[in-house]
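Asker: Below are the sequence and a predicted model for it; my questions follow.
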Amino acid sequence: MSVPTSPPRRALLIEDHEIVINAVAACLRVQGLVSECEKVSSLAEAETLLVGGEQFALVILDLHLADARGLDALQLLSERWPSLPKLVYSGDDAIDTMARAFELGALGFVAKNEPTAELSAAVATVLSGRPHLPIKLLTASGLVNLPPTGPATRIPSPPAQSSVRLTPRQLEVVAMVATALPNKVIADRLSLSEGTVKSHLNTIFRIVGARNRMELLLRVRELGIELPEVAERPRRAPARFS
């Protein structure tokens, strides 16, 4: 009796430098993180594959493409394919860029000057459905101490307060934030206005003591808040434009 095999785990790599994209693909295959890598050099090529129904376990995206400026490609992918995990792999490691990437739907961010072990760890984390937060961003946010030598250490957090309670609707919003869904998609999923989602998030930030999405995820984990499952919502395939 034959044993059914699981479908291959595929990654979509969007990078216009051939040396970089080949190195990333080799790293992922050698580490056994994915079985196949589809390599494209533009956002347009990636859209063609996704609109055509190609299935991927994650997208690894450079921010500087010939047909997309900065974070525009990430924003488009997040809006049209919100459930597809996205990992940014970029030479731009500015704090503002990293923070904005998480606001726009990235589940992880790795700077190109990091060792390949960091990329491997990030891919493994994102594939597990959890966010990969760069140490540089955590340090800038005051969430870790980065000594001159040696590993970074977390700054002790205030003790969890039993009074921290979120409503079922707020928990739904946080659960969707934890899967890197942008506000526009959260609003659509919950049949709310985008302004209402932002209002919910501002209230949640105040309750848990966070300033942004990244800190929210860390505080929720520290406080031991259990999140509901995010149900997949069937989506129509984006229309093709000739």
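Answerer: In hand now; what should we look at?
Asker: for the chain, what spans make up the strands?
Answerer: Counting by DSSP state E, the chain has strands at residues 10-14, 36-40, 58-61, 86-90, 108-111, 144-145, 153-154.
Asker: so for the helix of greatest length in the chain, what's the average pLDDT?
Answerer: Longest helix of the chain, by residue count under DSSP state H: helix 194-208. Averaging pLDDT along helix 194-208 gives 93.
Asker: got the buried residues for it?
Answerer: 196-197, 200-201, 204-205, 207-208 (16 or more other C-beta atoms under 10 Å). Placement of C-beta: from N, CA and C, glycine included.
Asker: OK, contacts around the residue lying closest to Pro85 once chain neighbours are set aside?
Answerer: What sits nearest to Pro85 in space, not counting adjacent residues and going by C-beta to C-beta, 6 or more residues apart in numbering, is Leu58, at 4.3 Å. Leu58 makes contact with 11-12, 34, 84-87, 107, 123, 126-127, according to C-beta atoms under 8 Å, 6 or more residues apart in numbering.
Asker: Nearest to Ser41 among the buried residues of helix 194-208?
Answerer: Val197 (34.5 Å; C-beta to C-beta).
Asker: What separation do you get for that closest one and Gly70?
Answerer: 24 Å (C-beta to C-beta, to the nearest Å).
Asker: again with Asn212
Answerer: 19 Å.
Asker: what about Leu133, how many residues close to it?
Answerer: Residues near Leu133, counting by other C-beta atoms under 10 Å, number 22.
Asker: Tell me how many other residues crowd Thr139.
Answerer: If we define neighbours as other C-beta under 10 Å, then Thr139 has 15 of them.
Asker: And it, how close does it get to Asn212?
Answerer: On the measure of C-beta to C-beta, Thr139 and Asn212 end up 15 Å apart.
Asker: same deal with Val59?
Answerer: From Val59 to Asn212 the distance is 22 Å (C-beta to C-beta).
Asker: Which of those two has more residues huddled nearby?
Answerer: Val59 (24 against 14).
Asker: residues in contact with that one?
Answerer: Contacts of Val59 by C-beta under 8 Å, 6+ apart are 11-14, 46, 77, 84-87.
Asker: quick check, nearest of the residues you listed to Ala178?
Answerer: Distances from Ala178 to the contacts of Val59, taken by C-beta to C-beta, are shortest for Pro85, at 11.8 Å.
Asker: Just give the nearest non-adjacent residue to the residue nearest to the spatial centre of the chain, would you?
Answerer: In the chain, the centroid-proximal residue (C-alpha atoms, centre = their mean) is Leu107; its distance is 1.1 Å. Counting by C-beta to C-beta, 6+ apart, Ala180 is the residue found nearest to Leu107 once chain neighbours are left out, at 4.3 Å.
Asker: Export the contacts of Leu58 to JSON lines and append columns for distance to Leu192 and pLDDT.
Answerer: Listed next are those as JSON lines, based on distance: C-beta to C-beta, whole Å; pLDDT from 0 to 100:
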{"residue": "Ala11", "distance to Leu192": "33", "pLDDT": "96"}
{"residue": "Leu12", "distance to Leu192": "30", "pLDDT": "97"}
{"residue": "Val34", "distance to Leu192": "35", "pLDDT": "93"}
{"residue": "Leu84", "distance to Leu192": "22", "pLDDT": "94"}
{"residue": "Pro85", "distance to Leu192": "24", "pLDDT": "94"}
{"residue": "Lys86", "distance to Leu192": "23", "pLDDT": "96"}
{"residue": "Leu87", "distance to Leu192": "28", "pLDDT": "97"}
{"residue": "Leu107", "distance to Leu192": "22", "pLDDT": "92"}
{"residue": "Val123", "distance to Leu192": "33", "pLDDT": "95"}
{"residue": "Val126", "distance to Leu192": "27", "pLDDT": "94"}
{"residue": "Leu127", "distance to Leu192": "30", "pLDDT": "93"}
